[in-house]
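Peer 1: Here is the input, now give the coordinates:
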Amino acid sequence: MKQAFLILIGIYLMFTSCNSEPDPYLVTKHKIGYLSDSTAVKDLASIFSNDSISRFIAGDEFIGNPNLIKVYEKETQTLLLELTPKEALDSLSTIQSVRLLDPRYKTKKGLNKLGTYKDISSKYNISSIQNTLRNLIVSVNEINAYFTIDKSELPENLRYDMTQKIESVSIPDKAKIKDFFIQWF
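Peer 2: Here you go, the predicted structure:
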């Protein structure tokens, strides 16, 4: 009797675990929800069938600049993602970068765009820190991500010199993430 009961529980667990739907907001190295690093532009309409997609076309297809694709939640018109294809005006092109604008998109470790520098540095190994005119670019190769942090979040002596090397210890833990990007090569 106990064996039959255990077998039934095992079968039930097997079927329920196989039928689990993937998290539509989970960010990993190669996927963002249902979007992957091998998704073609032509497939976006089916992936985001419950959302609205707008495409900005620069007007001159000979320039070769990638066109920005914005994904909005249909019901609330909330901007969820901005996608940049690898090739302009090519429906077979895959996505090169994704800007995550909705805080529901998070990594397995719970990092989203509402995080701080401490959230990044305590959960992931920082690959590099680049000093630009207005922002710091913090790269995390482990998840193919980079984050921008406004230089106004830094101590005043580090804000104005672009040539100065910024070390991890110089960035305040409470510095807010400005932008969260996933880069696929």
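Peer 1: going forward, measure contacts between C-alpha atoms and count neighbours the same way
Peer 2: Fine.
Peer 1: Helices of the protein, residue ranges please.
Peer 2: 2-18, 44-47, 117-123 (DSSP state H).
Peer 1: Can you give the distance from the second one to the centre of its chain?
Peer 2: Yep, that's helix 44-47 we're talking about. Distance, stretch centre to chain centre, for helix 44-47: 18 Å (C-alpha atoms, centre = their mean, to the nearest Å).
Peer 1: So which residues make contact with that helix?
Peer 2: With contacts defined as C-alpha atoms under 8 Å, 6 or more residues apart in numbering, helix 44-47 is touched by 34-35, 53.
Peer 1: ok, 10 Å please
Peer 2: Residues outside helix 44-47 that contact it (C-alpha atoms under 10 Å, 6 or more residues apart in numbering) are 33-35, 39, 51-53, 69, 71, 91, 95.
Peer 1: So which bits of it are buried?
Peer 2: residue 44 (16 or more other C-alpha atoms under 10 Å).
Peer 1: count of neighbours near residue 80?
Peer 2: 18 (other C-alpha atoms under 10 Å).
Peer 1: ok, it touching residue 51?
Peer 2: Yes: taking contacts as C-alpha atoms under 10 Å, residue 80 lies within contact range of residue 51: 9.3 Å.
Peer 1: shared neighbours of those two, anything?
Peer 2: Common neighbours of residue 80 and residue 51 (C-alpha under 10 Å, 6+ apart) are 71-73.
Peer 1: Counting only strands, which of those residues make the cut?
Peer 2: Using DSSP state E, 71-73 are the members of the shared contacts of residue 80 and residue 51 that sit in strands.
Peer 1: Format those residues as JSON lines; extra columns: pLDDT, neighbour count and distance to residue 116.
Peer 2: Converted to JSON lines, these look like this (pLDDT from 0 to 100; neighbours: other C-alpha atoms under 10 Å; distance: C-alpha to C-alpha, whole Å):
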{"residue": "71", "pLDDT": "96", "neighbour count": "22", "distance to residue 116": "25"}
{"residue": "72", "pLDDT": "96", "neighbour count": "20", "distance to residue 116": "25"}
{"residue": "73", "pLDDT": "95", "neighbour count": "16", "distance to residue 116": "25"}
